[in-house]
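In: predicted model follows, preceded by the sequence.
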Amino acid sequence: MIEPVDKTTFETVAADTALTVVDFWADWCGPCKMQEPVLEALDDAYDGQIKFASLDVDQHQEIAEKFEIMSIPALVIFKNGKPAEKVVGFHPQAALKKYLDQKLAEVTAD
């Protein structure tokens, strides 16, 4: 299961592993609801190699503003605890897996 984060747990979770994906979403967002099962499947597929977390932008606007989240769904990719990239919009599982495989290879090569 993808770990929900809030302002007290966000920094710890983002820095928890070499590669962390934080899903910025809202309950009213249709594409966010489509993205959720894709991320759940990827969380299972990566089995701890990549950490997945989710943050409700309506409940935690200050964090969304800090990372300049203007559109959702948005994924912020953290490498070694630092924000490295942002991916905006819905992405099918195969495309997102290909992208994350590349990011995981970059982290292991560093």
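Out: Cool, the structure landed. Just so we're clear, the structure is a prediction, and the values are computed from it rather than from any experiment.
In: gap between the lowest-mean-pLDDT helix or strand in the chain and the chain center?
Out: Scoring the helices and strands of the chain by mean pLDDT, DSSP states H and E places helix 10-14 at the bottom, with a mean of 85. In terms of CA atoms, centre = their mean, to the nearest Å, the centre of helix 10-14 is found 11 Å from the chain centre.
In: tell me which other helices or strands the next helix or strand after it touches.
Out: Note on helix 10-14: by DSSP states H and E, the next helix or strand toward the C-terminus is strand 19-25. Strand 19-25 makes packing contacts with helix 10-14, helix 30-46, strand 51-56, strand 74-79, helix 93-109 when contacts are defined by 3 or more CB pairs under 8 Å, 6 or more residues apart in numbering; DSSP states H and E. The way it works is simple: take the backbone N, C-alpha and C, and place the C-beta from them, glycine included.
In: adding distance to residue 62, write those out as TSV.
Out: Below are the helices and strands packed on strand 19-25 laid out as TSV (distance: least, CB to CB, whole Å):
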stretch	distance to residue 62
helix 10-14	10
helix 30-46	19
strand 51-56	11
strand 74-79	15
helix 93-109	26
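In: let's have those in JSON lines, adding mean neighbour count.
Out: Formatted as JSON lines, those follow (neighbours: other CB atoms under 10 Å):
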{"stretch": "helix 10-14", "mean neighbour count": "16"}
{"stretch": "helix 30-46", "mean neighbour count": "15"}
{"stretch": "strand 51-56", "mean neighbour count": "21"}
{"stretch": "strand 74-79", "mean neighbour count": "20"}
{"stretch": "helix 93-109", "mean neighbour count": "13"}
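In: could you tell me the least trusted of those?
Out: Within these, confidence is poorest for helix 10-14, with a mean of 85 (mean pLDDT).
In: what does it contact?
Out: 3, 5, 20, 22, 51, 53, 55, 60, 63, 78, 81, 83 (CB atoms under 8 Å, 6 or more residues apart in numbering).
In: if I pick the second one, what's in contact with it?
Out: Listed by CB under 8 Å, 6+ apart, the contact set of residue 5 reads 13-14, 22, 53-55.
In: the same query, at a cut-off of 6 Å, please.
Out: By CB atoms under 6 Å, 6 or more residues apart in numbering, the contact set of residue 5 is 13, 53, 55.
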